[in-house]
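1. following is a predicted model, sequence given first.
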Amino acid sequence: MKYIFGLVIGLFLSSISFAQSLSQVRDWGSHPSEENIEKLWKAFPSSSTEMKKTIVWAVGQHKRKEDYIKLYTILESVPNDQEEWLELTGEALAKTGEKDGIKPVWEMYKKKNATLWAGKWAFQWCMAGNGFDIEPLALEIFQNEKKIPIAWYSVFGRLKPTKGWNAWKFMYSKSSSLNSEQRFFLYGFSKAWKEEKLWLPVWKKLIRKESEVDNLVQLIRATPPLTDSSSPSNNLILKTLDYLFQKETNTSIGLAVAEYLQRNKRSCDATRFAIEHSGQVVSQVSCALAKVFIAQQSFSKANEQLMWNQIDTISDPYIRGFCLELMGQIPNQSSSILAYCEKENLPVLWNYGMLALGEQLKNMINQNSDQADSICGLFYPLLERCVRSGDDAAICVAAENLRNPAYPFLKYVKSLDFMFEALRKCKLPQQEEAKLELQKTIEFFGGWESKHQPSEAEKGKVNSKITMASTITFETNRGTIIIQLRPDLAPETVSKMVELVENGYYSNKFFHRVVPGFVAQTGCPRGDGWGSPGFIMRSEFSEAPFVRGAVGMASAGADTESSQWFISLAPTPHLDGRYTVWGQVIQGMDVAHQLKVGDFITKASFRY
């Protein structure tokens, strides 16, 4: 009996030790350094298979060319049936940036008959942009595989349009058997050849057949461009978008259509469509549509004043913000925009006002590049006022514009005293982003030689009572979202999230950022994405992918996480290993897809 009891205790302790070791390896991967890479290679030979997988991922996070040979040797030794291990090793090899590395890796995958998993690593190689012609590999995969790995759709979108179109037709023939995520990638990367004449009828058919909101967003982004004058193709495109606009009340669809029209704003058909669909109710969608016809109008002073008066009648700060951003499209509004932000002094309005100010600067320089010097002379005192304001959004946007190499501000910067003063006044760690932006700009103007550094993140406490069965429930004004926690991946982050929930922090927090087909983000105390409640957490990156419904921590770089988090509305492989995954939505993705900017959490609760 004593022996059995001792054995059970021993197994329990060894499982805890294994979990702690995995967490340590992920930490080494999250914080690349020469010391950590040495620790990883030293630990590899004596580690278990599961541990070796995580070590390989962590080595890849260091992105060192000199690790290619060791990783390739590991790939050779991985058993053919260890698909996940093969995939992680291929991805790590891709991240080394070895230009001549992809061909031998591909041959190794074929030798091991592991092409089904040859997806994500190839995507990483394409992301690296090392010039390797991946087209023959893509075509070989498409023609020989019954089930195409999701990541290959991302690779596929990077093929040359002429040859890519033939591959696309081949994949379209299989579209009826594709799942939602595969269709998402297929549609999204159709953008590569959307100017092909043959694409238009296929696009129309897919739009009317598709039911998933995020997939429709991808198809709208892949809409063929409008021509400069009315034509049968213009008519077909606008009729199809009109059908979609009337059928779908979802904000994401409306914004995707508005985004498309903005790209085609020189077309009078686009302007007509925007005017017809703007409606009487001021909303995010109507403001986005209004940008299209504002670009085609010359506004009198009376009309400009009418628009400013309209903003003052709106109570919702986010709608006022959308209107303020809209004012950025009208020439010569920069002084009025800044004066309005200073008068109202609301974080949300500062945020949208700064977006509008940045748009004014960009448009003026793009349209009058020969007058860039004098334009920067006009804007410099405005940007200096923004830095002196003490507002996070104003400081960050102004600092970023001041150091933009395309803008000749250097001749107007006589002293950096106002930047140093703003830097001294930053309340840390609440204004961590403002501090970093100021430091980067001071460095740019030669104010100091030392490299900017983020404040030191806290070493978080771990709540050992939290398990994989634990959940957090967020009640929102749209409905309920339930998130299953992942303490195995991010124990410190999960523990902090639970602490914030139990303290009532997330009640009445707004979703300040919703990007159709990408993310819905919340948790900012300011309500605009620039705020922090007064702490910084360490990053806990992992090999877990950002699939649809994955929940991650927002950040401004490694070890700058705080209270802001996001839900992935679609697969986002470019976020993998760069943001902390701490949960997965298990109920309420339909609610997440309905969220729009200005929606909010009413209550949050935790369950062990």
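-> The structure has been received and is ready for your questions. Predicted model only: the values in this text are computed from it and were never measured. Residues are numbered from 1 along each chain as shown.

2. now stretch 81-96 - C-alpha only, PDB.
-> Taking Å, rounded to 0.1, in the frame of the first residue of the first chain, the C-alpha atoms of stretch 81-96 are listed here in PDB:
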ATOM      1  CA  ASP A  81       4.200   9.300 -38.200                       C
ATOM      2  CA  GLN A  82       5.100  12.200 -35.900                       C
ATOM      3  CA  GLU A  83       3.200  14.800 -38.000                       C
ATOM      4  CA  GLU A  84       3.100  17.600 -35.400                       C
ATOM      5  CA  TRP A  85       6.800  17.300 -34.700                       C
ATOM      6  CA  LEU A  86       7.600  17.300 -38.400                       C
ATOM      7  CA  GLU A  87       5.500  20.400 -38.800                       C
ATOM      8  CA  LEU A  88       7.100  22.300 -35.900                       C
ATOM      9  CA  THR A  89      10.600  21.400 -37.100                       C
ATOM     10  CA  GLY A  90       9.800  22.600 -40.600                       C
ATOM     11  CA  GLU A  91       8.400  25.900 -39.200                       C
ATOM     12  CA  ALA A  92      11.500  26.400 -37.100                       C
ATOM     13  CA  LEU A  93      13.700  25.700 -40.100                       C
ATOM     14  CA  ALA A  94      11.800  28.300 -42.100                       C
ATOM     15  CA  LYS A  95      12.300  30.900 -39.400                       C
ATOM     16  CA  THR A  96      16.100  30.600 -39.600                       C
END
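
3. what packs against the helix or strand containing A434?
-> A434 belongs to helix 432-444 when elements are defined using DSSP states H and E. Using 3 or more CB pairs under 8 Å, 6 or more residues apart in numbering; DSSP states H and E, the elements in contact with helix 432-444 are helix 392-402, helix 417-425. From N, CA and C alone the C-beta is placed, and that goes for glycine too.

4. dump these to a markdown table, plus mean neighbour count.
-> Listed next are the helices and strands packed on helix 432-444 as a markdown table, based on neighbours: other CB atoms under 10 Å:
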| stretch | mean neighbour count |
| --- | --- |
| helix 392-402 | 25 |
| helix 417-425 | 15 |
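
5. strands paired with the helix or strand just after the helix holding A434, and their directions?
-> Next along the chain after helix 432-444, taking DSSP H and E as the criterion, comes strand 471-476. Using DSSP bridges, the strands paired with strand 471-476 are strand 479-485 (antiparallel), strand 601-607 (antiparallel).

6. most packed of those?
-> strand 479-485 (a mean of 19; mean count of other CB atoms under 10 Å).

7. that one - what's its average pLDDT?
-> Per-residue pLDDT values over strand 479-485 give a mean of 98.

8. now swap in stretch 408-428 and tell me
-> Here the average pLDDT along stretch 408-428 is 94.

9. list the contacts of that stretch.
-> 372-373, 376-377, 380, 383-384, 387-388, 390, 395, 399, 401-403, 434-435, 438-439, 441-442, 445, 447, 455 (CB atoms under 8 Å, 6 or more residues apart in numbering).

10. ok, which stretches of this structure are strands?
-> Under the criterion DSSP state E, the chain contains strands at 471-476, 479-485, 511-515, 519-522, 550-553, 565-568, 581-587, 601-607.

11. nearest to P224, out of those strands?
-> Proximity to P224 (CB to CB) singles out strand 511-515 among these, at 22.9 Å.

12. next, the angle strand 601-607 makes with the closest one.
-> 90 degrees (axes from the mean of the first three to the mean of the last three CA atoms, to 10 degrees).

13. which stretches of the stretch 201-350 of the chain form helices?
-> In the stretch 201-350 of the chain, the helices defined using DSSP state H, counting those that start in this stretch lie at 213-221, 232-247, 251-263, 268-278, 284-294, 301-312, 317-327, 334-344, 347-367.

14. elements contacting the third one?
-> It stands for helix 251-263. helix 213-221, helix 232-247, helix 268-278, helix 284-294.

15. quick check: mean pLDDT of it?
-> Mean predicted confidence for helix 251-263 is 89.
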